[in-house]
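Chemist: sequence and predicted structure are below.
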Amino acid sequence: MNRCDLARLFIFKFGVCLISASAIYSSADAKKLRGDVVTMKNGDRLTGEVKSLEQGVLYIKTDYFSGSVGVDWSQVQKVESTATYQITLSGGKRLTGTISKVEAEAAPNSDFKVHAPGGDVPASSTDVVQIEPQKRSFGRQLTGSIDFGYNFTSGNNSSSLSTDANAQYVASHWAAGASYTASYSGQTGGTTTNLWRRSYLGNDFSTEIHTFLDCPIFCTVHSRICSCARRWALDMADTSSAPTKTRSAG
């Protein structure tokens, strides 16, 4: 078995493993919703689970709607929830705790409150940029995706195979992620090309330092002669004031 066949077999097995893992972890039993209550300014009440706040839209999952319902955050009068969330304010400040929202008339500029471990933190609801649930375990807080594809053309006997997987974990004061991409393309008697790429991402929210490491490997096989090139690039950026620092090597 030549190197091309070995590479193709490796990518195929890797894709099968990723798909199997995805099927295992994506299966979850139906559970009873928590019982959060969202009251709108017009008097409507939604009961279920507050899922997130993104781009001015508050999403809540209920028993009587399919999927999550999005409502205008500016039209929300009151929120009652016992879950723990990660909250991002307009100035970039991040907080973790349970949340509550009261009528703006009752508490001007402090109608939104984060009940953090160190004490309550009041804020204006207009300053809330994002709300994300904080899961109780590492596995539940971890997010990611898996893609797998294969293509074969009988006319020129060429084939291509690609696999992509990524995962990210977001904590209160930091975030980390990784991605892996593997691809193969070639045809019988011709040139084949393999690519393996690994990327790593890190964010420190307290210092606003962003780090990105990219590690691609390119391999080309022609007439049973294999040539490979390895490159890596490291980007470090302080998003508060410092310029981006980039290091690379071939």
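Modeler: Yes, it's here.
Chemist: ok, Asn124 touching Ala107?
Modeler: To be clear, residue 124 is Ser; Asn isn't right here. No: using Cβ atoms under 8 Å, Ser124 and Ala107 do not qualify as a contacting pair, with a distance of 9.3 Å. Any C-beta I mention is one placed from the backbone N, CA and C, and that applies to glycine too.
Chemist: grab the nearest non-local neighbour of Ala167.
Modeler: Once flanking residues are discounted, Ala167 sits nearest to Gly144: 3.6 Å by Cβ to Cβ, 6 or more residues apart in numbering.
Chemist: Gly139 sits in which helix or strand?
Modeler: helix 138-141 (DSSP states H and E).
Chemist: for that helix, name the packing helices and strands.
Modeler: Packing partners of helix 138-141 (3 or more Cβ pairs under 8 Å, 6 or more residues apart in numbering; DSSP states H and E): strand 158-170.
Chemist: and the strand it packs on, what's its mean pLDDT?
Modeler: Model confidence over strand 158-170, given as mean pLDDT, is 87.
Chemist: which other helices and strands contact it?
Modeler: Based on contacts counted as 3+ Cβ pairs under 8 Å, 6+ apart, the elements that strand 158-170 packs against are helix 3-26, helix 138-141, strand 143-153, strand 174-187.
Chemist: can we see that at 6 Å?
Modeler: Using 3 or more Cβ pairs under 6 Å, 6 or more residues apart in numbering; DSSP states H and E, the elements in contact with strand 158-170 are helix 3-26, strand 143-153, strand 174-187.
Chemist: run through who's touching that strand.
Modeler: The contact list for strand 158-170, computed with Cβ atoms under 6 Å, 6 or more residues apart in numbering, reads 11, 14-15, 18, 141-152, 176-185, 187.
Chemist: how many neighbours does Lys51 have?
Modeler: For Lys51, the neighbour count with other Cβ atoms under 10 Å is 20.
Chemist: I'd guessed Arg198 sits against Leu213; true?
Modeler: No: Arg198 is beyond contact range of Leu213, at 8.3 Å (criterion: Cβ atoms under 6 Å).
Chemist: and Ser145, how far is that from Asp44?
Modeler: In this structure, Ser145 lies at 34 Å from Asp44, with Cβ to Cβ, to the nearest Å as the measure.
Chemist: do Asp214 as well
Modeler: 48 Å.
Chemist: quick one, which of those two is more surrounded?
Modeler: In terms of neighbours (other Cβ under 10 Å), Asp214 is the more surrounded of Asp214 and Asp44; the figures are 16 against 11.
Chemist: for the more buried one, helix, strand, or coil?
Modeler: At Asp214, secondary structure determined by DSSP: H, G, I helix; E, B strand; the rest coil is strand.
Chemist: so it sits against Ser199, correct?
Modeler: Yes: under the criterion of Cβ under 6 Å, Asp214 makes contact with Ser199 at 5.0 Å.
Chemist: any idea which element Glu105 lies in?
Modeler: Residue-wise, Glu105 maps onto no helix or strand under DSSP H and E.
Chemist: could you measure from it over to Gln77?
Modeler: When Cβ to Cβ is the yardstick, Glu105 and Gln77 sit 10 Å from each other.
Chemist: that older thread, contacts for the helix holding Gly139?
Modeler: Around helix 138-141, the neighbours that count as contacts under Cβ under 6 Å, 6+ apart are 135, 169.
Chemist: at 10 Å what do you get?
Modeler: Applying Cβ atoms under 10 Å, 6 or more residues apart in numbering, the external contacts of helix 138-141 come out as 25, 28, 86, 132-135, 168-171.
Chemist: how's this structure carved up into domains?
Modeler: If you go by automatic domain parsing, the domain ranges for the chain are 36-134, 139-249.
Chemist: what's the local residue count around Ser159?
Modeler: Summarising burial for Ser159: neighbours were counted as other Cβ under 10 Å, giving 17.
Chemist: gap between it and Ala165?
Modeler: When distances are taken as Cβ to Cβ, Ser159 and Ala165 turn out to be 21 Å apart.
Chemist: residues in contact with the residue lying closest to Asp120 once chain neighbours are set aside?
Modeler: Taking Cβ to Cβ, 6+ apart, and ignoring the residues beside it in sequence, Asp120 has Lys113 as its nearest neighbour in space, at 5.5 Å. Taking Cβ under 10 Å, 6+ apart as the criterion, Lys113 is in contact with 79, 97-102, 107, 120-123, 125.
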